[in-house]
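Asker: Starting from these lines, generate the structure:
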Amino acid sequence: MPKVAIAGGSSPTLGASILAALNTHKWTPVILSRQTNNPKPSPPGIETRYVDYTSHTSLVAALKDIDTVLSVVLIPGPETITYQLNLLNAAIEAGCRRFAPSEFAMCERAQAQVDLLQPKNIVWEAVKAKVEEGLIDAARFPCGMFMNYLAIGIGGEQEKVARAGFAEGAFLVHLDAEPAYVVVPVRADGSAPSLTLTDIRDVGRFVAAALEMEEWGGRELGMAGDTLGFEELIRLCERYTGKKVEVRRVTLQQLEDRLKEIPDGDMLKRMDCQIAMACARDGSVVPGVLNEVCNVQPVKVEEFLRKYWR
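Answerer: Predicted coordinates:
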C-alpha cells in the first residue's frame, strides 16, 4: 500500500478529516509532526514521524518511503514559506511522486488580494516551477469558505460535532449574534455574489479521492461542497435556525475605506476585510474540478443546516 505523509496531520480539523477519509482508501497515512516537548499522541494504528521543518536532513529521512506529501500545516508568519519550501525540496530529494502545499482556501486569483494569504501563492509559484522542471507532480486544493462557520451559535455538543474541530470565530455569517446577521459584500452594480462553502469533513474526502488520480498536473484541483448566492444562504439560515436574519450590505468602496482604518499590524482584521473585498469581486467561488472527476457527494448547505440546527 502506498504511503501518504500528512504534514500537520495531528491537527483536529483538516488533518483529522483527511485521516478519517483515508480509512476507506488503499493508502497508508503517516503523520509528520513538529518536534515538541509535549507531542500529541498518535491516533491508533497510525505512525507519526517527528521532524524539524528547518532541517533538510530531518525531512528527507522522514519522507524516504513516501509516495505523496500533503501539507496542512498552519504556521503564521514568514516561516510558513520557508517550512513549506523545505518540505517541497525534501520531497523531491526523497523521491516522492507528488506534493500538495497547504492551501484549502480561495483560488489563486482571489488569494492574491489578501495580504495574509500571499505566502500561499508564493509557495505555489515555487511548486509549479518544480513541476515544470519535471521534478515532481503537484496540485493545490482550494475549497472556499468552510461550511462549518454555519455551526457557530448552535451551542452544546451539537455545535462541537458540527464544527468538526473548527475553532475560529464567525465571519460574514453571524448566527450567534443577537440579532443574527449576515454581512453581504455587494458587487459594484449592487448585486450580491455567490460563494462556495465546503464542510471540513468533505475536504478530507475530496483530497483522499484525489490520491486515486494518476496525475495532478501542477494545477488547481478545486472542490465545492455547495455554491449558492447570499440570498439563498440567508433564506436557508432563517428556515433552519428559526431566527430572523438581518442583512447588512456593504459595498466595495465601504470595505476599501474600512481597510484604510485598520492598522497594518492587525493582520486578522485586514484579512477579514480583504476576503470580503475579494468576495465582492466574485472571488469567493471555487470551480468544482474534483466534483467532476471524483466520486464524492458533498454535504450541501441546506443539508448541513437541517442536520445540525434542527
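
Asker: If you count contacts, what does the longest strand along the chain end up packed against?
Answerer: The residue-count maximum for a strand in the chain (DSSP state E) belongs to strand 28-34. Packing contacts for strand 28-34, counted by 3 or more Cβ pairs under 8 Å, 6 or more residues apart in numbering; DSSP states H and E, involve strand 3-7, helix 14-21, strand 47-51. (Each C-beta comes from the backbone N, C-alpha and C, glycine too.)

Asker: now the angle from that strand to strand 3-7?
Answerer: Computed with axes from the mean of the first three to the mean of the last three Cα atoms, to 10 degrees, the direction of strand 28-34 lies at 30 degrees from that of strand 3-7.

Asker: Could you give the separation of strand 28-34 from the chain centroid?
Answerer: Here the centre of strand 28-34 is set off from its chain's centre by 18 Å, with Cα atoms, centre = their mean, to the nearest Å.

Asker: contacts for that strand?
Answerer: The contact list for strand 28-34 (Cβ atoms under 8 Å, 6 or more residues apart in numbering) reads 1-10, 15, 18-19, 22, 39-40, 42-43, 46-53, 62, 66.

Asker: Pull the number of nearby residues for the residue lying closest to residue 213 once chain neighbours are set aside.
Answerer: In space, and not counting its chain neighbours, residue 213 is closest to residue 293: 7.0 Å by Cβ to Cβ, 6 or more residues apart in numbering. Neighbour count for residue 293, taken as other Cβ atoms under 10 Å: 13.

Asker: Quick check: pLDDT value at residue 293.
Answerer: Reported pLDDT at residue 293 in the predicted model: 95.

Asker: How much space separates it from residue 215?
Answerer: Residue 293 sits at a distance of 11 Å from residue 215 (criterion: Cβ to Cβ, to the nearest Å).

Asker: quick one: the longest strand of the chain to strand 47-51, angle?
Answerer: 30 degrees.

Asker: buried sites along strand 28-34?
Answerer: Going by neighbour count (16 or more other Cβ atoms under 10 Å), the buried part of strand 28-34 is 28, 29, 30, 31, 32, 33, 34.

Asker: Now the two most distant members of these.
Answerer: 28 and 34 (21.3 Å; Cβ to Cβ).

Asker: State the pLDDT value of residue 77.
Answerer: Reading off the model, residue 77 has pLDDT 67.

Asker: Flag every buried residue along stretch 185-198.
Answerer: For stretch 185-198, the neighbour count (16+ other Cβ under 10 Å) marks 185, 186, 192, 193, 195, 196, 197, 198 as buried.

Asker: same thing with stretch 285-301?
Answerer: Using 16+ other Cβ under 10 Å as the test for burial, stretch 285-301 gives 285-291, 294, 296, 298-301.

Asker: How far does that stretch stretch from one end to the other?
Answerer: Distance between the boundary residues of stretch 285-301 (Cα to Cα, to the nearest Å) amounts to 15 Å.

Asker: rewinding a little: for the buried residues of stretch 285-301, which one is nearest residue 241?
Answerer: residue 301 (12.3 Å).

Asker: filter the contacts of strand 28-34 to the buried ones?
Answerer: Buried, going by 16+ other Cβ under 10 Å: 3-10, 15, 18-19, 22, 43, 48-49, 51, 53, 62, 66, out of the contacts of strand 28-34.

Asker: Show the average pLDDT along stretch 252-268.
Answerer: Stretch 252-268 shows a mean pLDDT of 95.

Asker: what's it in contact with?
Answerer: Contacts of stretch 252-268 (Cβ under 8 Å, 6+ apart): 115-116, 185-188, 269-270, 273-274, 276-277, 280-281.

Asker: ditto for stretch 70-85
Answerer: 4-9, 11, 14-15, 18, 53-54, 87, 99-102, 104, 119, 122-123, 126, 207.

Asker: One more pass at 7 Å, please.
Answerer: 4, 6-9, 11, 14-15, 18, 53, 87, 100-102, 119, 122-123, 126, 207 (Cβ atoms under 7 Å, 6 or more residues apart in numbering).

Asker: Can I get it in CSV, CA atoms only?
Answerer: C-alpha atoms of stretch 70-85 as CSV (Å, rounded to 0.1, in the frame of the first residue of the first chain):
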residue,chain,number,x,y,z
LEU,A,70,0.1,16.5,1.7
SER,A,71,0.6,19.7,3.7
VAL,A,72,-2.0,21.0,6.1
VAL,A,73,0.5,22.9,8.3
LEU,A,74,-0.8,26.1,9.8
ILE,A,75,2.3,28.3,10.6
PRO,A,76,1.6,32.0,10.8
GLY,A,77,4.3,34.5,9.7
PRO,A,78,7.1,34.2,7.2
GLU,A,79,8.1,30.8,8.4
THR,A,80,5.2,29.3,6.5
ILE,A,81,7.0,29.9,3.2
THR,A,82,10.4,28.6,4.5
TYR,A,83,8.9,25.4,6.1
GLN,A,84,6.8,24.5,3.1
LEU,A,85,9.6,25.1,0.6
